[in-house]
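S.K.: how would this look folded up:
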Amino acid sequence: MLLLIVAFLSTPALAEDIASIASPNGQITVSVMINGEGRVQYAVAKDGAAIIAPSQMGFQFTDAIPMARGLVFDSAETNTVDTQWDLPWGERTTVVDRHNELAVKVHDMGGDKATTKRPMTIRFRVFDDGVGFRYEFPARADGKAWNIADENTEFVIAQEGTSWWTPAGDWNRYEYLYHETSIDSVSSAHTPITMKLADGTHLSFHEAALVDYSGMWLKRIEGRRFRSTLAPSSRDARVTRTGAFNTPWRTIRIADDAAKLYDSDLELNLNEPNKLGDVSWVEPFKYIGIWWEMHLDTASWASGEKHGATTANTKRYIDFAAKHGFRGVLVEGWNKGWDGDWFGNGRDYSFTETYPDFDIEWLADYARKKGVRLIGHHETGGNIKVYEAQLDDAMALYERLGIDAVKTGYVADAGGIIAPGDSADEERFEWHDGQTMVRHHLKVVETAAKHKVAVNPHEPIKDTGLRRTYPNWVSREGARGMEYQAWGEPGNGPDHVPTMIFTRMLSGPMDYTPGVFSLKGRGGRDLESTLARQLALYVVVYSPIQMAADLPENLAKYPKELAFLEQVPVDWSETRTLAGEVGDYAVIARKDKASADWYIGGVTDEEARDISVDMSFLPEGADYVATIWRDGDKADYRTAARHDIEMENRNVTTKDKLPLRIAPGGGFAIRLTPAR
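M.R.: Numbering: from 1, shown residues only. Okay, the predicted model is just below:
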């Protein structure tokens, strides 16, 4: 039964409701009100208990008075949607979109002497697993641009609880270990930020459809009161838009537990459908590459004796990929510009000229004949002025050579992006998540799509579900990846992945680059992982492109584990999070899109864990053979036994609960094949 509750008051008094709406199942409600100062507020409740206490909404401008007080209610409209749509690739084939919508129209006069109304619509969509809302602005009456100094959307958390977050506005972009603190101890945080309230309710705050706007940070004002703040700009306004426009959706996932939080499709549903048309050329794949050896410091991106991207070395990787079924070979350091100081500079990069010892024409042809594709690489050093000037030529080169995927990079400190200015000679310095970079990333994705190239940015703008609209935006980094295991001090501790699954991974795919079977980093540094955990990462950390990061000779030393990499899919028809707690552990099951097989992965933190894997998600009456790669009895990420691994087969049905032990810093991977 559709539950819509809408009330109208022509003259609101002190914080009286002007409209309310409920989720399709009636459990989540959103109330909108205007207080005595004419400030619009909203509140969210679940099963009658407050989740978000009354929270203010509004904007500041650089050339107009704030749009915050003196707002007048005009009207409210409702709608309901119950449909479904298909992903061309992803965690599942079909996404259900079921929500109720409320559009609240308000206006102010723009100041005491103003005679023209400033209208604004606030649109809410309420799902059974959360809420999204955005602001919709018409074109300004005077024809000028909207120059937003900041957006003042507040989130007042109604209960005490725990939060997992990374700092916003610091030099290392999104690449920090997660803080676990009380909600009232957060400072400024990137999104997604995850919270567990006193009553057990789990929340995740993020945004969807970040287009031509600045990324949102959450800044704690006092107590449990948070306010949005937009990533800075080199110009006065953090966002400048001409004509009518919509902000990104501000999203709140709401779930009873961590597992349900991960399984939500809230942000995807708030994005527009595919704009690219036929995207059958976007293929999920596994790859290896000339990359880990640079992080080990046994090879270099720069030319010279240690140069990794040579024709001979790349041929070696292609041969290994062809033998073991890897579709792609990533090559970093192939193009001119790596010599000298490229970090945060990028002025010398060419994206079409190779070093003399790298024959890209021959290698692309050689790879193609062996059923393998080169994966392009465009490191910019954070210099988008240089990159954009060559962008179309660079993508055209890849199209001609049959290179249909590219990894881009923006290695520079936050605030150090070099962007074009108002003249040919001018440079402006921007943030990785400001409006300039939001526009830039979309320009790269759209240009790549013209040449049928998929894009995987590192040091990226955060994922906000735009892969639905632009399916060639296949993955990205946006958190501490495997390279920190090679040289990080500290590295990624065992709690990093089970925290990241319920924080960063809520935003979308991540190119985490697992598969380091040697468990060794630079100078022999031990990785905080068991061998079985490296296999589990292919299931629990989702990406439609998955790297086997270790050197080919190291992968070859572990034939049984390498066989798992040859088998494990990268495209799924279903995903079920079976169990988990933020920062502690996660168990996720995924069904292969191309067969009847299921895969299950599990990881834990630094604590050993005995778990029971409930098989009730399997089809009723079906029998399966479970091939299990699990930690051995002696396995422990802290000892020389981190490589201890057991492989076994068991018969299971939907009625079984499979007992497994996960070692400290460990994991397991299971392949479930229908019994014959």
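S.K.: Please parse the chain into its domains.
M.R.: Following the assignment in automatic domain parsing, the chain carries domains at 16-269, 275-478, 484-513+530-542+551-676.
S.K.: Dump the ones you listed into a markdown table; add mean neighbour count as well.
M.R.: The C-beta positions use only the backbone N, C-alpha and C, and glycine is treated the same way. Converted to a markdown table, the domains of the chain look like this (neighbours: other CB atoms under 10 Å):
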| stretch | mean neighbour count |
| --- | --- |
| domain 16-269 | 19 |
| domain 275-478 | 20 |
| domain 484-513+530-542+551-676 | 20 |
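S.K.: Let me see the mean pLDDT of the lengthiest helix in the chain.
M.R.: Ranked by residue count and defined by DSSP state H, the top helix of the chain is helix 384-401. In this model, helix 384-401 has a mean pLDDT of 98.
S.K.: what do you get for stretch 117-125?
M.R.: According to the model, stretch 117-125 has a mean pLDDT of 97.
S.K.: Tell me where the stretch 51-200 of the chain has helices.
M.R.: Counting by DSSP state H, counting those that start in this stretch, one finds no helices in the stretch 51-200 of the chain.
S.K.: shaky segments in it?
M.R.: 112 (pLDDT under 70).
S.K.: all strands of it, in order?
M.R.: 59-61, 72-86, 94-108, 118-127, 130-137, 146-151, 154-157, 161-165, 179-182, 188-189, 193-197 (DSSP state E, counting those that start in this stretch).
S.K.: Ok, which of these comes nearest residue 217?
M.R.: strand 188-189 (5.5 Å; CB to CB).
S.K.: pretty sure residue 133 contacts residue 125?
M.R.: Yes: judged on CB atoms under 8 Å, residue 133 makes contact with residue 125 at a distance of 7.2 Å.
S.K.: Common neighbours of these two, please.
M.R.: Counting by CB atoms under 8 Å, 6 or more residues apart in numbering, the residues touching both residue 133 and residue 125 are residue 249.
S.K.: still on that earlier bit, for the strands of the stretch 51-200 of the chain, give me JSON lines that also has distance to residue 586.
M.R.: JSON lines is the format used below for the strands of the stretch 51-200 of the chain (distance: least, CB to CB, whole Å):
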{"stretch": "strand 59-61", "distance to residue 586": "38"}
{"stretch": "strand 72-86", "distance to residue 586": "26"}
{"stretch": "strand 94-108", "distance to residue 586": "21"}
{"stretch": "strand 118-127", "distance to residue 586": "23"}
{"stretch": "strand 130-137", "distance to residue 586": "20"}
{"stretch": "strand 146-151", "distance to residue 586": "33"}
{"stretch": "strand 154-157", "distance to residue 586": "24"}
{"stretch": "strand 161-165", "distance to residue 586": "13"}
{"stretch": "strand 179-182", "distance to residue 586": "15"}
{"stretch": "strand 188-189", "distance to residue 586": "21"}
{"stretch": "strand 193-197", "distance to residue 586": "13"}
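S.K.: Of all those strands, which one comes closest to residue 436?
M.R.: Here strand 146-151 is closest among the strands of the stretch 51-200 of the chain (CB to CB), at 14.1 Å.
S.K.: can you give me the angle that closest one makes with strand 130-137?
M.R.: Inter-element angle recorded for strand 146-151 and strand 130-137: 140 degrees (by axes from the mean of the first three to the mean of the last three CA atoms, to 10 degrees).
S.K.: Out of the strands of the stretch 51-200 of the chain, the one nearest residue 470 is which?
M.R.: strand 72-86 (15.1 Å).
S.K.: List the pairing partners of that closest one within its sheet, with orientation.
M.R.: For strand 72-86, the pairing partners within the sheet under DSSP bridges are strand 94-108 (antiparallel).
S.K.: show me where pLDDT drops low in the protein?
M.R.: The low-confidence ranges in the chain, as defined by pLDDT under 70, are 1-14, 112.
S.K.: Helices of that one, start to end?
M.R.: 258-262, 266-269, 292-295, 311-324, 360-369, 384-401, 435-450, 483-487, 496-500, 531-540, 552-556, 559-567.
S.K.: So residue 29 sits against residue 17, correct?
M.R.: No: between residue 29 and residue 17 there is no contact under CB under 8 Å: 10.7 Å.
S.K.: what about residue 572, distance to residue 433?
M.R.: Going from residue 572 to residue 433 by CB to CB, to the nearest Å gives 29 Å.
S.K.: what's the residue lying closest to residue 345 once chain neighbours are set aside sitting at in phi/psi?
M.R.: Nearest residue to residue 345, sequence neighbours excluded (CB to CB, 6 or more residues apart in numbering): residue 381, at 5.0 Å. Dihedral angles of residue 381 (phi, psi; degrees, to the nearest 10) stand at phi 60, psi 20.
S.K.: ok, now which ones touch residue 110?
M.R.: 64-65, 67, 116-118.
S.K.: I meant to write residue 65 there.
M.R.: 110-111.
S.K.: I'd assumed residue 407 was in contact with residue 376.
M.R.: Yes: using CB under 8 Å, residue 376 is in contact with residue 407, at 7.1 Å.
S.K.: overlap in contacts of the two?
M.R.: Between them, residue 376 and residue 407 share no contacting residue, judged by CB under 8 Å, 6+ apart.
S.K.: From residue 649, how far out is the closest residue to residue 255 other than its chain neighbours?
M.R.: Residue nearest to residue 255 in three dimensions, not counting chain neighbours: residue 261, with 4.2 Å by CB to CB, 6+ apart. For residue 261, the distance to residue 649 (CB to CB) stands at 33 Å.
S.K.: ok, now residue 457?
M.R.: Taking CB to CB, one finds residue 457 at 40 Å from residue 649.
S.K.: just residue 639 next, same as before
M.R.: 27 Å.
S.K.: who's in contact with residue 28?
M.R.: 22, 44-46, 51, 126-128, 130-131, 254.
S.K.: tell me the contacts of residue 367?
M.R.: Taking CB under 8 Å, 6+ apart as the criterion, residue 367 is in contact with 318, 321, 329, 373-374.
S.K.: Mind putting these into CSV with distance to residue 548?
M.R.: Below are the contacts of residue 367 laid out as CSV (distance: CB to CB, whole Å):
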residue, distance to residue 548
318, 14
321, 9
329, 11
373, 15
374, 16
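S.K.: Between the two ends of stretch 606-617, how far is it?
M.R.: By CA to CA, to the nearest Å, the extent of stretch 606-617 from end to end equals 28 Å.
S.K.: what's in contact with that stretch?
M.R.: Residues contacting stretch 606-617 (CB under 8 Å, 6+ apart): 493-495, 576, 578-579, 584-585, 587, 589, 598, 600, 602, 624, 637, 652-666, 670.
S.K.: again, only using 7 Å
M.R.: 493-495, 576, 578-579, 585, 587, 589, 600, 602, 652-654, 656-665 (CB atoms under 7 Å, 6 or more residues apart in numbering).
S.K.: Kindly report the same for stretch 463-477.
M.R.: Against stretch 463-477 from outside (CB under 7 Å, 6+ apart): 88, 207-210, 248, 267-268, 270-276, 279, 282, 445, 448-449, 453-460, 478, 507-511, 543-545.
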